[in-house]
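*Asks:* give me a model of this one.
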Amino acid sequence: QVQLVESGGGLAQAGGSLRLSCTAAGSTLDSYTLGWFRQAPGKERELVAAISRSGGDTSHAGSVAGRFKISRDNAKNTVYLQMNSLRPEDTAVYYCAAGLNPNTGTYYWHAKDYAHWGQGTQVTVST
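*Replies:* So this is what the prediction gives:
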């Protein structure tokens, strides 16, 4: 069982930065595509960014492209989400997720492909 634990959330001012981290307890993540999702109050969960097993292929939602960057360090069993130029509309609970993937160079874009989820970390951006 993959247990994902997020950290790094909190309160930031608009224009500021935060870095989220997600590690796995008791298992390695190098066989998994990893993703960051977020869910704001009253809204559906949406994918923010995804990264392939190798880390060489990534994709970011249009709303965060150029501001957020997903990365991973397989040696540290950790995935990151660097969030810059934060906006109030980025306020949400952020979740990391892992999906087993036989391909090293592809990633998943749909929540249904991710079998393992963290508990979420709150990000609040003030004006």
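*Asks:* which SSE is the residue most central in space within the chain in?
*Replies:* The centre of the chain sits closest to residue 36, judged by Cα atoms, centre = their mean, with a distance of 2.1 Å. Element membership for residue 36, per DSSP states H and E: strand 32-39.
*Asks:* show the pLDDT at residue 105.
*Replies:* At residue 105, the model reports a pLDDT of 89.
*Asks:* my error: substitute residue 1 in the last question.
*Replies:* We note a pLDDT of 81 for residue 1 in this prediction.
*Asks:* tell me how many other residues surround residue 77.
*Replies:* By the measure other Cβ atoms under 10 Å, the count of residues near residue 77 is 15. Where you see a C-beta, it was placed from the backbone N, CA and C, and this is true even at glycine.
*Asks:* contacts only, for it.
*Replies:* When contacts are counted by Cβ atoms under 8 Å, 6 or more residues apart in numbering, residue 77 touches 23, 24, 28, 29.
*Asks:* is it fair to say the second one lies in a strand?
*Replies:* To tie it back to what came earlier, the one meant is residue 24. Yes - under DSSP: H, G, I helix; E, B strand; the rest coil, residue 24 sits within a strand.
*Asks:* measure it to residue 5 for me?
*Replies:* 8 Å (Cβ to Cβ, to the nearest Å).
*Asks:* one more: residue 48?
*Replies:* 18 Å.
*Asks:* which residue of these two possesses the greater neighbour count?
*Replies:* Using other Cβ under 10 Å, the more surrounded residue of residue 48 and residue 5 is residue 48, with 24 against 13.
*Asks:* host element of that one?
*Replies:* Going by DSSP H and E, residue 48 is in strand 46-51.
*Asks:* paired strands for that strand, with orientation please.
*Replies:* Within its sheet, strand 46-51 is paired with strand 32-39 (antiparallel), strand 58-60 (antiparallel), according to DSSP bridges.
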